[in-house]
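> curious how this folds, go ahead:
(5 chains, ligands or ions: 4)
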Amino acid sequence: MLSQVIINGIMTGFVYALVAVGLTLTWGVMDIINFAHGEFLLWGMYAAFGLWSLFSLDPILSLPVSAALIFILGVFTYFVVVKRVLKASGLTALLATFGLSMVLKNLAQMIFTANYKNVTNTIFASKTIKLGNFFIRQDYLAAAVGSLTLTLLVLTFINKTKTGVAIKATSMNRSTAQLMGINTDRIFAITFGLSGACVGAAAALMVPFTPITPGSCTLYSVLAFVIVALGGFGNITGALYAGLLVGVVEAMGGYFLGTSFKYAIIFLMYLIVMQIRPKGLFGW
Amino acid sequence: MKSVIEIRNLTMKFGELMANEDVSFDIENNGIVSLIGPNGAGKTTLFNCVTGFYKPFSGKVTYWDEAGVEQDITGRPTHEICRKGITRNFQIVKTLSEMTVEQNIMTGAFLHTNKTSEARDLAEGVLRRTGLLARKDILGRNLTIAERKRVEIARALATEPRVLMLDECMAGLNQTEIKDVMNLILDLKAQGLTLLVVEHIMEAIMPISDKIVVLDSGKKIAEGPPQEIANNDEVIKAYLGEKYHAKSKKS
Amino acid sequence: SGGKTTEKTEVEKPAATDATPAEKTDGAEKTDPAEETEKEPAGEVENVKLGAVLPLTGATATTGANLKVAMEVAVDLINNSHDLDWDIAKNEGIAALNGAKIELLFGDCQSDATIASTEAANLLEKDIVGIAGAYASGFSAAVAAQALEYNIPMICGSSSSASLTDGKTYDFASVFNRIAANDEMETKEFYLFLQHLNEKYNAGIKKVAIAYINNAYGIHADEMFAQYAPEYGFEVVAQVAYEPTITAADTEAAQIINANPDVVFQASYIGDLTMFAQAYKAYDYAPKMIMCYCGGFQDASFAEVAKGLGVNYYSGGQASAEVLSDKMPVFKYVNEMYKTKTGLDIDGPALEEFASIILFVQAMEIAGSSEPADIINALRNNSFDAPYLTVGKIEFNENGQNIEMASFITQLIDGVYQVVFPLDEYVTSEPIVNQ
Amino acid sequence: MLKVKNLNTGYGNVQVIYDFSCEVNPGEVVSMVGSNGSGKSTLLKTISGIVRPFSGEIEFMGERIDRLPAHKIVARGIAHVPEGRQVFGKLSVAENLMMGAFIVKDEVEKKKRLDEMFELFPILAERSKQAAETLSGGEQQMLAIARGLMSSPKLLLVDELSLGLAPVLVERVLEALKLISKQVTILLVEQKVQEALEIADRGYVIQNGRLVITGTGAELLESEIVKQAYMGM
Amino acid sequence: MVKIKNIFKENLFALILLALFIIVPLAVGKNADIHNIIIYILIYAMVGEGWNLITGFAGQTSFGHAAYFGIGAYAVAVLGNKYDVVPWAGMLAGILIATTLAFLINFQLFRLKGHYFAIATLAVAEILRTLFSVWTYVGSGDGIKILFRPDNKVLWLAIDVRNRLPFLYITLALFVLVFILCKSLENSKMGFYWKAIRESHEVAESIGINPQHYKVYAMMLSAAIAAVGGGLYVQFFKYVDSVVFSLDVSMIFVLVTVLGGIGNVYGPIIGSIIYYTLDLSMRRLFGGTTSGINLIIFGILLVIVVVYQPRGIMGIFDDLVNRRRLAKEKALQRLDTGTPGEGSGGKA
Ligand SMILES: Nc1ncnc2c1ncn2[C@@H]1O[C@H](COP(=O)(O)OP(=O)(O)OP(=O)(O)O)[C@@H](O)[C@H]1O
Ligand SMILES: Nc1ncnc2c1ncn2[C@@H]1O[C@H](COP(=O)(O)OP(=O)(O)OP(=O)(O)O)[C@@H](O)[C@H]1O
Ligand SMILES: [Mg+2]
Ligand SMILES: [Mg+2]
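Residues are numbered from 1 along each chain as shown, chains lettered A, B, ... in the order given. Ligands and ions are numbered 1, 2, ... in the order given. You can find the predicted model right below:
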């Protein structure tokens, strides 16, 4: 049973990682706390749900669409809210995006009601692969594989492409980046879009096993906070490993210490790890 | 002359890179010691080691306080070293940008008082000495680089140090302004301070230094009075350049 | 009237001519407006104001919105004349008060106890004679604390924590009345049901386990679960608590599965319950029965989930079920009104909140007064008819607990809530025990 | 090539430059001198578009650029080496340089430029993988200059070129600049007035945001104002 | 005499605010609803002041102030309910526990910087939340209800429903104390040191400040203030459970302060007033419907306010002051024309 628990932990870990990668782009790389990150995820889930209920599209298939929709939401967020508070302290952006998160959350409630929505009968729904003594839930496996692939894609994009490096440069020094001929507004918008696309995709991967209601994403964003810090701000590889670590610690902690402690143990681990590595597991 | 600071076999590494290698020299009481060397020679690193920002890989830094008591300050925390009387500025300026010039300096002045009014009086003296009085209400972030450098010196002075370490405080100033700072430095010396100065501006360094120490690739390559250093072939080759040498010969 | 605001309800004075058009049009209303106008005692009788605090936004908004509809249905029944053989519905307004009508003011506690408290105070300042709400036990307690200070009666429909009426945890027993069965009653009922399954269907149930949400609701459910298991001859093999918000229930489910109980008890809200259900299914775990404390199980969307998973082993306490409509005309009528507004069949909590408004009126009818003190008196010293509930009666003890509310048990069979226990006259299906 | 006409500029509601006009012709090296806070950096920032002028015109190769956003001005062929280095601290030296060539589309061309820069500043080649923030002050300065040159600009604005450079290096960089000036027009802000005016074809002297005198480098070196105010003579 | 006049002049804004807080509760009559709101505004503003010390002044973002707020609340509740300890003493105990905890934890935590620290504070609060939700001694998931004690009103501060004024004024008095404390700290050595640390650790150290110590002082003070706030909150609300440690609660203090103006002593109170009036008026205007439209409008208003005034409401005042200063500076500069380099000692 323990190995079963660990496997599940790893699977959830991958999903956490993708949500955290989205956050590490805005918070880690651009240094803007997007408090509406969880609501991005939420709208991604509703997008996937909508596509499923209207067109019977399996979330896995509609993933590009939900990613694209939340990409647009990200770009919109940048131009309408974030851009205007860039010059002020970081906490101002937090306040502004907090306002946005209220709008997004309650708009979801207005449109979809607060009733739980479930995406059922998906390709991988509640099916398992049996490997000897343990099971791997297919919906989890699909999510994990999807998350890993997307994370690696983002990683390559940031480190290897010109736009990716420009994102990092812009985050370090905005006006100098302009002097390099970088359209910083565009770069910020892309980053927010990309961050949105990450959670949009994560949402599509998650809906087969996550009931959707306006409040269901808050915890994900809190966990993403911890994962981003644990992996080192702005470090995408770090977010991936930290996501996995959190997934496994959550599962094992819950198993050994009792499930009411499963999140507390993550926070405790964070505090302990940071005593040894004050800039995150992978930060220097 | 008795030393205030004695640096012995100081070595500092960043990974493979030897930023300081086996450097030893003394800083004499009430003297002006200048530290020169090519870019990347390890001057700032040495500053950082002496002031506790870095813990040296090996070696020892000794300090004699006012009472003449010998103290090992190797790798002590910066604030503790400052309290003993050693203060520095930063090559890459770090003005407190949300504070006014006066407040920047008051922050330094609080080292010796708990009263705001006293700190303000102390700061005023420093403002006057460093010629910043007219700028005292400007926010740090609105200053030019040169002004910031001056604020840094003033802030360091406000802690009433015995030893003042200045890292390129004249960079970016024109000749006239450099003259002012040179005068300020000589003034400070006259008031009994000891100074360790890093500077690339030879016109400023040569006339005021009692002693010059030259670093290259982390190693000390020369030490001596200015005239001697100016004619040291190794220093000319590594640092001063032929043109400067020729020019200084002329004058 | 989903889009109608509290303020408006309050502003609209009971002008003689257009007394309640809003309520009338959207209810399942049949009377003739013209006739109504004549009967109206031309604005002399003042409206009686009641307040209700509900979580209309935030984490528990899921249910709050529906509960509000249920209460509005009650108001409709009370204020207008309906073609139904039940005094409350037939009469227009409160007979004992010269046909005074009910005006119900809502406060949104945003799923936050502190806000519940300020919203309650706000309502209490507006001369209400009674207050209802507020779904989650924590919110109800916050509202009750305010009600106590104003000495205004509170009827709490659906909160189930035993502590609310245990007479020692809180100090508001004098004004507080709770309709829902508390978890203690529910637990006993569950064990009786299991014994019944063992006796009648040879189910062979011995080992029981519980998964419960770690809040006031779950903790008491667990307490009762563990306390009564030995008494009824069952062995507790696992007690798994989990955080009120979770992203997945796999670890929790794994611990249950590991203990391999015959029957699992769940004190879960709809989201967690769904995750558990999916996890059980994914790991091929099928207990003989899963007993759900009122909570997520009663949410209509869970019926879909269970149906989607193709499992029939979920049972739980319920105040009424749609399948009973034919046997209970009042219930049927109420359910229809509710359904036109929400698209859903009325569930337990909604029915209980509905009852809270009805009870206030019944109490006023008995007391012949709308004085809060009289209402309190009447509530405590009478037994009330409740033709919309299977038990048919409501009566409060000295701590404000409804002693009649023995909830009965429904089982989700092919996505339909079938009544399986205990009253023979209401049973609609044989229970199915998973072997 | 560059014409500045009656420029008024500054920050928010603080005016720094008053009614300033100047001109840079193709192939020239033009030096701006002036004491601290006289507004030299502000002038350069206004030309490169990170500070918006209050009024006045800036024309580059016949086109008004004073309303263009900074990144478009770079695309027109103006590179600005800002005061205080402003390297991208967490990026490696090589990445910093590549950012300098952000607007260059041709990868081969980029590579070529990179090699040229490494030739000009060998220390940068040595440190090419190191994070820029861990370079010494002087190394960062070299990086900033090299980065500015990466976009093959038509006009290079250099602010405080020699700041923090060792004397040998100042010599070398000035020589390099002289060499580059055959292909790139240069507008130089420099505190080493002597050196700056020596290599300059023409120079402008600014005081408190106003133009004081202008002339060829040699003329200015001889002028009393310059001698007195800036060279401490 | 002149001195008194000066004090009056310098603190005019504060005095006007104070007058409003004294008069408005009386002016609205016995309206418990409005009194409630004012009490909450004061409590959240008070904790905001505390948060402002550590985050606004010392620059160490805390997302976990609910930890100290919660401890203050639990101390009063547990001691009062279980041992009949009067709230005054309970509050003292809360302050002690909170400061001790702040000292013990943050001495370690302050090795972390920036966001790493911020997340650590969140982690501490979350761990406390879990502990308190399972710890039966403090009522676990049930929380604790302070039972009503009409018999001993004075010591228990128990508020009589129709008259919340005494409690309101007690809260106001405590808030004023906290405000004066924060304001005097701002211009003290401590305040200067905090601001120096906020801007640069290195600079702080180089002028003899031990950042670790001063950050811990700030946190301890901040925790003490939060504990007072928690203590008041629980007496008023009479109930506390582990939700009090949640991020939502911590965020309240962040939001009101940032909205009002971070790093400014007026920030928390102004922010708190605006935040609650907006929230409340939206709720009362549009609330009670299923859709959450009030929160949507509130969110939009919040965004508009922030976008319009990114430095918080107090930013408007700062701008006014700054403009005056800049004008003065410009005048000075003109007088000096011809001198290269202001005050550099250049020859005129
Ligand atoms: N934190 C660090 N990590 C890695 N390398 C470093 C670090 N700090 C300095 N270096 C390297 O150590 C060498 C010495 O740097 P230092 O800053 O001491 O030079 P410097 O003599 O002050 O030069 P300059 O005159 O240009 O300021 C440089 O090559 C620099 O790249
Ligand atoms: N961002 C800013 N906001 C407001 N005022 C500023 C800002 N930056 C600079 N200033 C002010 O503008 C004036 C001119 O500054 P500028 O940087 O252009 O001078 P400079 O000639 O380049 O001086 P230096 O030789 O010291 O670099 C100074 O008085 C300075 O205080
Ligand atoms: Mg250096
Ligand atoms: Mg400049």
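> can you check which helix is longest in chain E?
helix E:211-237 (DSSP state H).
> dump the residue contacts of the nearest residue to D:Arg113 once chain neighbours are set aside.
Closest residue in space to D:Arg113, ignoring its immediate chain neighbours: D:Met150 at 5.3 Å, by C-beta to C-beta, 6 or more residues apart in numbering or on different chains. C-beta coordinates here come from the backbone N, C-alpha and C atoms, glycine included. By C-beta atoms under 8 Å, 6 or more residues apart in numbering or on different chains, D:Met150 lies in contact with D:97-98, D:100-101, D:104, D:110, D:113-114, D:117.
> and with 7 Å instead?
Remark: with contacts taken as C-beta atoms under 7 Å, 6 or more residues apart in numbering or on different chains, D:Met150 is in contact with D:97, D:100-101, D:113, D:117.
> let me have the residues you listed in TSV, adding secondary structure as columns.
Shown next, in TSV, are the contacts of D:Met150 (DSSP: H, G, I helix; E, B strand; the rest coil):
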residue	secondary structure
D:Leu97	helix
D:Gly100	helix
D:Ala101	coil
D:Arg113	helix
D:Met117	helix
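> neighbour-wise, which of the residues you listed leads?
Highest neighbour count within the contacts of D:Met150: D:Gly100, with 32 neighbours (other C-beta atoms under 10 Å in any protein chain shown).
> distance of it from D:His80?
11 Å (C-beta to C-beta, to the nearest Å).
> quickly list what's touching both of these two.
D:Gly148.
> which element follows the host helix or strand of C:Asn377 toward the C-terminus?
Assigned by DSSP states H and E, C:Asn377 belongs to helix C:372-381. The C-terminal neighbour of helix C:372-381 among helices and strands, as given by DSSP H and E, is strand C:383-385.
> and for the closest residue to ligand 2 within the stretch 101-250 of chain C, the neighbour number?
At 43.2 Å from ligand 2, C:Gln110 is the closest residue in the stretch 101-250 of chain C, using C-beta to the nearest ligand atom. The tally of other residues near C:Gln110 (other C-beta under 10 Å) stands at 25.
> in a strand, it, correct?
No: under three-state DSSP, C:Gln110 sits outside any strand and is assigned coil.
> so how far is chain A from it?
Applying C-beta to the nearest C-beta, to the nearest Å, the value for C:Gln110 to chain A is 10 Å.
> residues touching that residue, list them.
Contacts here follow C-beta under 7 Å, 6+ apart; on that basis C:Gln110 touches C:55, C:57-58.
> can you tell me the number of residues neighbouring whichever residue of the stretch 151-284 of chain A sits closest to ligand 4?
Residue nearest to ligand 4 within the stretch 151-284 of chain A: A:Ser175 (14.2 Å; C-beta to the ion). A:Ser175: 17 surrounding residues under other C-beta under 10 Å.
> same question for D:His71.
21.
> what do you get for the one 4 residues further on?
D:Ala75 has 15 neighbouring residues, counting by other C-beta under 10 Å.
> one step back: state the mean pLDDT of the longest helix of chain E.
Averaged across helix E:211-237, pLDDT comes to 93.
> next: stretch C:324-335.
On average, stretch C:324-335 scores 85.
> and it, what's buried?
Within stretch C:324-335, the residues scored as buried using 16 or more other C-beta atoms under 10 Å in any protein chain shown are C:324-325, C:328, C:330-335.
> same check, this time on stretch E:172-183
E:172, E:174-176, E:178-179, E:181-183.
> now those residues in JSON lines, with distance to D:Met142, secondary structure and pLDDT?
Compiled in JSON lines, those are given as follows (distance: C-beta to C-beta, whole Å; DSSP: H, G, I helix; E, B strand; the rest coil; pLDDT from 0 to 100):
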{"residue": "E:Leu172", "distance to D:Met142": "62", "secondary structure": "helix", "pLDDT": "94"}
{"residue": "E:Leu174", "distance to D:Met142": "59", "secondary structure": "helix", "pLDDT": "94"}
{"residue": "E:Phe175", "distance to D:Met142": "57", "secondary structure": "helix", "pLDDT": "96"}
{"residue": "E:Val176", "distance to D:Met142": "58", "secondary structure": "helix", "pLDDT": "96"}
{"residue": "E:Val178", "distance to D:Met142": "53", "secondary structure": "helix", "pLDDT": "96"}
{"residue": "E:Phe179", "distance to D:Met142": "53", "secondary structure": "helix", "pLDDT": "95"}
{"residue": "E:Leu181", "distance to D:Met142": "51", "secondary structure": "helix", "pLDDT": "95"}
{"residue": "E:Cys182", "distance to D:Met142": "48", "secondary structure": "helix", "pLDDT": "95"}
{"residue": "E:Lys183", "distance to D:Met142": "49", "secondary structure": "helix", "pLDDT": "92"}
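> among these, which one lies nearest to chain A?
For these, the residue nearest chain A by C-beta to the nearest C-beta is E:Cys182; the value is 17.9 Å.
> how near is the closest one to ligand 3?
The spacing between E:Cys182 and ligand 3, counted by C-beta to the ion, to the nearest Å, is 40 Å.
> surely that residue meets E:Gly50?
No: using C-beta atoms under 7 Å, E:Cys182 makes no contact with E:Gly50, being 8.1 Å away.
> do stretch B:146-162 and chain E meet?
Yes: contact of stretch B:146-162 with chain E (C-beta under 7 Å from any C-beta of the partner chain) involves B:155, B:159.
> quick check: phi and psi at the residue nearest the centre of chain C.
Averaging the C-alpha coordinates of chain C gives a centre point, and the residue nearest to it by C-alpha atoms, centre = their mean is C:Pro349 (2.1 Å). With angles defined as degrees, to the nearest 10, C:Pro349 sits at phi -60, psi -40.
> would you confirm that it contacts C:Leu67?
Yes: using C-beta under 7 Å, C:Pro349 is in contact with C:Leu67, at 6.2 Å.
> mind listing the shared neighbours of the two?
C:Tyr135.
> show me how far the one helix or strand E:Leu177 maps to is from its chain's centre.
Secondary structure from DSSP H and E places E:Leu177 in helix E:165-186. Distance, stretch centre to chain centre, for helix E:165-186: 11 Å (C-alpha atoms, centre = their mean, to the nearest Å).
> residues in contact with that helix?
With C-beta under 7 Å, 6+ apart as the contact definition, helix E:165-186 has outside contacts at E:18, E:21, E:25, E:35, E:38-39, E:42-43, E:45-46, E:49, E:52-53, E:57, E:157, E:159, E:191, E:225, E:228, E:232, E:236, E:265.
> put the alpha carbons of that helix into PDB.
Only the C-alpha atoms of helix E:165-186 are listed here, as PDB (Å, rounded to 0.1, in the frame of the first residue of the first chain):
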ATOM      1  CA  LEU E 165     -20.200  51.700  22.600                       C
ATOM      2  CA  PRO E 166     -18.100  50.800  25.700                       C
ATOM      3  CA  PHE E 167     -16.400  48.000  23.800                       C
ATOM      4  CA  LEU E 168     -16.000  50.200  20.800                       C
ATOM      5  CA  TYR E 169     -14.300  52.900  22.800                       C
ATOM      6  CA  ILE E 170     -12.100  50.400  24.500                       C
ATOM      7  CA  THR E 171     -11.000  49.200  21.100                       C
ATOM      8  CA  LEU E 172     -10.600  52.700  19.900                       C
ATOM      9  CA  ALA E 173      -8.400  53.500  22.900                       C
ATOM     10  CA  LEU E 174      -6.200  50.500  22.300                       C
ATOM     11  CA  PHE E 175      -6.000  51.400  18.600                       C
ATOM     12  CA  VAL E 176      -4.900  54.900  19.400                       C
ATOM     13  CA  LEU E 177      -2.200  53.500  21.700                       C
ATOM     14  CA  VAL E 178      -0.900  51.300  19.000                       C
ATOM     15  CA  PHE E 179      -1.100  54.100  16.500                       C
ATOM     16  CA  ILE E 180       0.900  56.400  18.700                       C
ATOM     17  CA  LEU E 181       3.400  53.600  19.300                       C
ATOM     18  CA  CYS E 182       3.900  53.000  15.600                       C
ATOM     19  CA  LYS E 183       4.100  56.700  14.800                       C
ATOM     20  CA  SER E 184       6.800  57.300  17.400                       C
ATOM     21  CA  LEU E 185       8.700  54.200  16.300                       C
ATOM     22  CA  GLU E 186       8.700  55.500  12.800                       C
END
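> with that, I have no additional questions.
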